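Enquirer: My questions are about this predicted structure, shown below with the sequence.
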Amino acid sequence: MSVKPINITINGQQQTINVDVRWTLKDLLREHLQLTGTKTGCNDGTCGFCTVIVNDRNIYSCAVLAASLDGANVVTVEGLANGAELHPVQRAFWDEMGFQCAMCTPGFIMSSVALLNRNPNPTVEEVRDGVSGNLCRCGSYPKVFNSVLAAAKMMKGA
């Protein structure tokens, strides 16, 4: 087993972690840091359940090696809320019922946060495109789209 130390910021906390060079970011988050909001779906970068934000971009955490993230800034779904106060995207998903079984919800939320950080006033088409890498096996897409649009309004204070 080969181990590499990385300096990484996760949810605002800078840390040095010795990672097995075979670990994916998802492995590090779920199995070693107990950040289980990042879900496991396909394990091959196609479903989006494991989406997190790395250096302001939404990525599949199952498709990137943790050892490659020295110096990276990672945000997981656990890092969005401010104490008991939900992030506006989390609040909008709750208010708009943008979920059913909720396996895909953390990934959709993280892709939505990344989208709204880049584009605070998206159209429905831009929302569809922005979350297109996330799959919902229950078919809740219209509620997801409504949730993202509601979050955009909340974030603008409308």
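Expert: Yep, that arrived.
Enquirer: Local confidence estimate at the closest residue to C136 other than its chain neighbours?
Expert: On the basis of C-beta to C-beta, 6 or more residues apart in numbering, the spatially nearest residue to C136 that is not a chain neighbour turns out to be C104, at 4.7 Å. (Each C-beta comes from the backbone N, C-alpha and C, glycine too.) Predicted confidence (pLDDT) for C104: 96.
Enquirer: how many other residues sit next to C104?
Expert: Burial measure for C104: 26 neighbouring residues, criterion other C-beta atoms under 10 Å.
Enquirer: Report the contact partners of it.
Expert: Residues in contact with C104, defined by C-beta atoms under 8 Å, 6 or more residues apart in numbering, are 39, 41, 47-49, 134-138, 140.
Enquirer: domain assignment for the chain?
Expert: Segmentation of the chain into domains, based on automatic domain parsing, reads 3-79, 88-156.
Enquirer: picking up where we left off before, torsion angles phi and psi at the residue nearest to C136?
Expert: As for C104, its main-chain torsions (degrees, to the nearest 10) stand at phi -90, psi -10.
Enquirer: Could you report the separation of it from G98?
Expert: To G98, C104 is 10 Å away according to C-beta to C-beta, to the nearest Å.
Enquirer: so what sits against both of those two?
Expert: S140.
Enquirer: any chance of the contacts of C104 in CSV, plus secondary structure and distance to E126?
Expert: As requested, those are exported to CSV (DSSP: H, G, I helix; E, B strand; the rest coil; distance: C-beta to C-beta, whole Å):
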residue, secondary structure, distance to E126
K39, coil, 25
G41, coil, 24
C47, coil, 21
G48, coil, 17
F49, coil, 22
N134, coil, 15
L135, coil, 19
C136, coil, 18
R137, coil, 24
C138, coil, 23
S140, coil, 19
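Enquirer: Any of those residues buried? List them.
Expert: 39, 41, 47-49, 134-136, 140 (16 or more other C-beta atoms under 10 Å).
Enquirer: Grab the longest helix from this protein for me.
Expert: Taking DSSP state H as the assignment, the helix of the chain that covers the most residues is helix 141-156.
Enquirer: Please enumerate the strands of this structure.
Expert: Here the chain has its strands, by DSSP state E, at 3-10, 13-20, 51-54, 57-60, 73-75.
Enquirer: what about K143, how many residues close to it?
Expert: Neighbours of K143 using other C-beta under 10 Å come to 17.
Enquirer: actually S2, not the one I typed
Expert: Based on other C-beta under 10 Å, the number of other residues close to S2 is 8.
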